[in-house]
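Asks: here is my input, please return the structure:
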Amino acid sequence: MPIDVKTLSDIRLNNLIANHRSKKATENPIYLDALRENEMRHGRGFDFDKSFAIIRTAAKERRFISYKDLSDASGAQWNQVHYSVGGHLWRLVEYAHRKNWPMLSAIVVNKNNTDTGAMEPETLKGFVAAAKSLGYPVLDDEAFLREQQELVFAWAEVDD
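Replies: Numbers count the residues shown, from 1 in each chain. Got it, this is the predicted structure:
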């Protein structure tokens with residue numbers, strides 16, 4: 001009988017995630033379900049589905065969005081969630097990676113960069129660190145960012 005992650009306690013859910021990571025079984029669909037459920041419970045105001053929706057919409061329109069746009073889509077108050085946006089984006093990126101999607105956070109940038117898609121140096125550093133932790137080879141940070149941005153735009157056009 002399949003496990004319904006929605007019925008698991010937080011402890012059991014976290015154990016399920018940890019066990020899959022330790023066994024390198026992160027491609028298992030139950031792992032993805034557990035990641036998603038954990039984020040839904042502990043997203044600190046962010047909503048996985050709403051984040052995916054706004055990213056997909058922006059990507060289909062080949063535009064960049066701000067971190068605040070992401071919080072607004074979830075109905076969260078920016079002043080209450082701005083410290084947790086990095087963790088939320090990491091969990092979105094890991095989930096997307098396990099589904100063989102590009103790094104969705106590539107099109108989420110500071111408000112003053114939504115016209116260009118540029119990332120601030122510290123943000124780019126974190127983006128590249130996340131990429132490397134997932135096994136992406138990164139030789140040129142800026143080129144990798146642009147490549148991922150194009151992949152996100154292409155992903156939105158074909159994946160439903």
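
Asks: residue ranges with poor pLDDT in this protein?
Replies: Scanning the chain for pLDDT under 70 picks out the ranges 43-44, 159-160.

Asks: can you give me the helices in it?
Replies: In the chain, the helices defined using DSSP state H lie at 10-22, 29-42, 48-60, 67-73, 78-81, 85-98, 121-133, 141-158.

Asks: can you put those helices in CSV and add distance to Lys111 and mean neighbour count?
Replies: C-betas here are computed from N, CA, C, even on glycine. Shown next, in CSV, are the helices of the chain (distance: least, CB to CB, whole Å; neighbours: other CB atoms under 10 Å):
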stretch, distance to Lys111, mean neighbour count
helix 10-22, 33, 14
helix 29-42, 24, 17
helix 48-60, 13, 18
helix 67-73, 6, 20
helix 78-81, 10, 14
helix 85-98, 12, 20
helix 121-133, 12, 15
helix 141-158, 17, 16
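
Asks: reformat those as a markdown table; add distance to Ser105.
Replies: Converted to a markdown table, those look like this (distance: least, CB to CB, whole Å):
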| stretch | distance to Ser105 |
| --- | --- |
| helix 10-22 | 20 |
| helix 29-42 | 14 |
| helix 48-60 | 8 |
| helix 67-73 | 9 |
| helix 78-81 | 15 |
| helix 85-98 | 4 |
| helix 121-133 | 7 |
| helix 141-158 | 9 |
